[in-house]
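Novice: Sequence and predicted structure are below.
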There are 2 protein chains.
Amino acid sequence: MKNLIVQKYGGSSVADSIKLKKVAEKVSGRIKKNFKLVVVVSAMGKTTDNLIKLSKEVSNNPVPRELDMLLTTGEQVSASLLAIALNDIGIKSKSLNAFQAEILTTGDFNQARIKNLKIKKIRNLLKEFDALIITGFQGITEEGEITTLGRGGSDTSAVALAAALGAKCEIYSDVAGIYSTDPRLHPAAKKLKYITYDEMLEMSSLGAKVLHSRSVEIAKKYGITIYCGSTFSDEEGSFVMKKNIEQPVVSGLSVMDNQTQVTLSNLPLDFTLVHQIFEKVAKEGLNVDMISIISNSGLNISFTVIEDKKTHVSKALSQILKGMKGFNIDYSSGYSKISIVGIGMKSSSGVASQYFMALKDIPVKLVTTSEIKISCLVEEKYKDKAVKSLISTFEL
Amino acid sequence: MKNLIVQKYGGSSVADSIKLKKVAEKVSGRIKKNFKLVVVVSAMGKTTDNLIKLSKEVSNNPVPRELDMLLTTGEQVSASLLAIALNDIGIKSKSLNAFQAEILTTGDFNQARIKNLKIKKIRNLLKEFDALIITGFQGITEEGEITTLGRGGSDTSAVALAAALGAKCEIYSDVAGIYSTDPRLHPAAKKLKYITYDEMLEMSSLGAKVLHSRSVEIAKKYGITIYCGSTFSDEEGSFVMKKNIEQPVVSGLSVMDNQTQVTLSNLPLDFTLVHQIFEKVAKEGLNVDMISIISNSGLNISFTVIEDKKTHVSKALSQILKGMKGFNIDYSSGYSKISIVGIGMKSSSGVASQYFMALKDIPVKLVTTSEIKISCLVEEKYKDKAVKSLISTFEL
């Protein structure tokens, strides 16, 4: 369909009736320029958090299936209100929940994946309506069970719809684009005009929290360019796409606090044991990060987990290592992980050397690297110094 | 299915997480006595009012279709939370919205009527679950559009489910049953142990606001006895059924304030005109009540509307009577309508005479009667005196 755009508005963009009316005006402006719109909305403001809180008041461990029934009401509220606001200003529009839009997902409650989008109904409705408002974050299974795609999943709803409909994709929030690092913490952060899928995947999995990582995976798979802009300003945003036209060596920096480093030293030189350790940790649903293994006379393993999980990890490891002697375990908390990412690193030598030069006065606890990323672990008290130095070295 | 009960809990019974947990305990108690339950819930507390308020903030005239999308989220929240609370105490339960429960209605948004209940799915689920929690007040059309049954419609959802499933029906709220008159206004009001469908229909259409009148119509049609009780006390409630075992002459009294009396006098003796007047009024969606027509030399018509609609009625009548002369129109506001109702009136003579004796010192503006009801219109300042006198005369 010609002139079709999928737009997504985040929770803070539809947080109250005044903002909803402004979003309606923005949508209406596009329609007057001869576009048809599919608009994906998140729940209003803190709605999802409040619903989760409510569920915790009736159960410490809410059934995942019912939690999804509960949470999906949030997007139905914002979608229907936006449709009301649009009709009020003369735009023919209709809201659809996941049932009605037929967004089919797997049955993994709280973290379902989109399997199939039946776009025939949407295409037919677009003949009659100028804007369809679709609830983000949610889907249904073949059996009619309601699912959610995980926090931030509305981005994925939007990109999947754009891919299925062959439409442009625009994601709006209260931030004017994607920054080299978090602009709320580092006002000197630069806005990136372009960023590649791979860089974005490293950034979002590093806690930059700009886009749901599954949405970037889908965009990469189907070659959808995502425009990320500000809902309420005309400031130009950022494009997530295949190539970074500007090709800077390092595009971004991200920081993740509350890290605990777990170090096992002098383990016997037995890689079956390494397998057993990480299998156990995975079974317990623990996310480990920054794995580093060095073997010489014995085996030394170091990895990080978030501080909340320290006790859980410690229990799991005790079970695996029961009866074994002669090794040490150390748990150190209060660390921050600082990462730089950039597609240009692949082809540019000397990034590592610049990186370590920037950190020369800081005691680094652990370093891991990928093709387009270098991460280090430092005590939180050194965090600001390290970040400032990296921002200045790489002109972020 | 043996031992199947349909229960309905009103909004005040599920207003917060503490009350939801108490309702879960109540449901669990029944299940431990070897029952299976279908539980219909309303939205929590003032949720529906708040959602309507929100819709008015974005449009003075919200599209009915989208308003239903919006309002139905309320029951999905309470249904899923109750299912979470029940699972938390070990009761196998599952919530279903109208889509999932397949409650098919007409497409009259905001005031749909139930057409069909596909109970096969519910019956199958009851083999696996001990309690199914179903969103009240809502339905879907064959085309998958979401509808609502009008305010109070959850009663109708419950009675329709009980009729379709051949189950008992229990309706719980913060009032312990059905009273001869509103106990909040008249503490001397008596609780009725039994009341017939017809009496209940007259009571609810008279503003007693105990049961959604459509629910009573369905109960009457299918011979379902409705038990109305208190959610949080063991006090015995009331039964709405075919026969009133106690057969009192007058069962109840109800009062409706903010009435305007419209009187047209000295109209030409032309019943086509009467037809035109009421056709016009119906077309405008105005509810008229207490119609009284007396013809002698000319035609005298008197009827009541609620005060809010006075301007609307006056406009409609001006259009119809344009160009006509020689008649008078009078609008008098600040009136209350007081009605008594009782199936026993049919067979008991002298009720009218007792009624007028009770009101002998009060200037009555208008009187209308049906087989089981007498209503009068008085100035609001005489209301309390009239109600007290009627309560004492008929021992209500």
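Specialist: In hand now; what should we look at? Owing to the predicted nature of the structure, the values given are computational and were not obtained by experimental measurement.
Novice: what does stretch A:172-190 contact?
Specialist: Outside stretch A:172-190, the residues that touch it by CB atoms under 8 Å, 6 or more residues apart in numbering or on different chains are A:7-10, A:12-13, A:191-192, A:195, A:200, A:203, A:208, A:210, A:228-233, A:235-238, A:240, A:251-255, A:387, A:391, A:395-396. Glycine gets a C-beta too; all of them are placed from N, C-alpha and C.
Novice: now swap in stretch A:275-290 and tell me
Specialist: In contact with stretch A:275-290 (CB under 8 Å, 6+ apart) are residues A:259, A:264, A:291, A:301-306, A:309, A:312-313, A:316-317, A:319-320, A:337, A:366, A:368, A:375, A:377.
Novice: Report the buried members of these.
Specialist: For these, a burial check counting by 16 or more other CB atoms under 10 Å in any protein chain shown picks out A:259, A:264, A:301-306, A:309, A:313, A:316-317, A:337, A:366, A:368, A:375, A:377.
Novice: Return the backbone torsion pair for the residue of the stretch 201-350 of chain A found nearest chain B.
Specialist: The stretch 201-350 of chain A approaches chain B most closely through residue A:231 (16.2 Å), counting by CB to the nearest CB. Backbone torsions for residue A:231, taken as degrees, to the nearest 10, come to phi -60, psi -40.
Novice: Residue ranges in the stretch 1-150 of chain A under the pLDDT threshold?
Specialist: A:1-2 (pLDDT under 70).
Novice: Would you map the helices across it?
Specialist: A:17-32, A:47-58, A:64-71, A:73-88, A:98-101, A:119-128 (DSSP state H, counting those that start in this stretch).
Novice: Where does the record place the domain boundaries for chain A?
Specialist: Per the record, chain A has its domains at A:4-241, A:252-394, by automatic domain parsing.
Novice: Off-centre distance for the first one?
Specialist: Okay, so that is domain A:4-241. Chain-centre distance of domain A:4-241: 12 Å, with CA atoms, centre = their mean, to the nearest Å.
Novice: can you check the last one too?
Specialist: Using CA atoms, centre = their mean, we find the averaged C-alpha position of domain A:252-394 to lie 21 Å away from the chain's own average C-alpha position.
Novice: May I have the distance across it, first residue to last?
Specialist: From its first residue to its last, domain A:252-394 covers 9 Å (CA to CA, to the nearest Å).
Novice: picking up where we left off before, pick the most buried one from the domains of chain A.
Specialist: Among the domains of chain A, the stretch with the highest mean neighbour count (mean count of other CB atoms under 10 Å in any protein chain shown) is domain A:4-241, at a mean of 21.
Novice: So for that one, first residue to last residue, what's the gap.
Specialist: Taking CA to CA, the first and last residues of domain A:4-241 lie 19 Å apart.
Novice: What residues does the stretch 151-300 of chain A have near chain B?
Specialist: For the stretch 151-300 of chain A, the contact set with chain B under CB under 8 Å from any CB of the partner chain is empty.
Novice: returning to what we had before: in strands, which of the contacts of stretch A:275-290 fall?
Specialist: The strands, defined by DSSP state E, take in A:259, A:264, A:291, A:301-306, A:337, A:366, A:368, A:375, A:377 from these.
Novice: Pick out whichever of those sits closest to residue A:143.
Specialist: Nearest to residue A:143 out of the ones in strands among the contacts of stretch A:275-290 is residue A:306 (CB to CB; 34.8 Å).
Novice: Now that closest one: closest residue in space that isn't a chain neighbour?
Specialist: If the residues on either side of it in the chain are set aside, residue A:306 comes closest to residue A:258, at 5.5 Å by CB to CB, 6 or more residues apart in numbering or on different chains.
Novice: wouldn't that neighbour be in contact with residue A:307 here?
Specialist: Yes: with contacts counted by CB atoms under 8 Å, residue A:258 reaches residue A:307, the gap being 4.5 Å.
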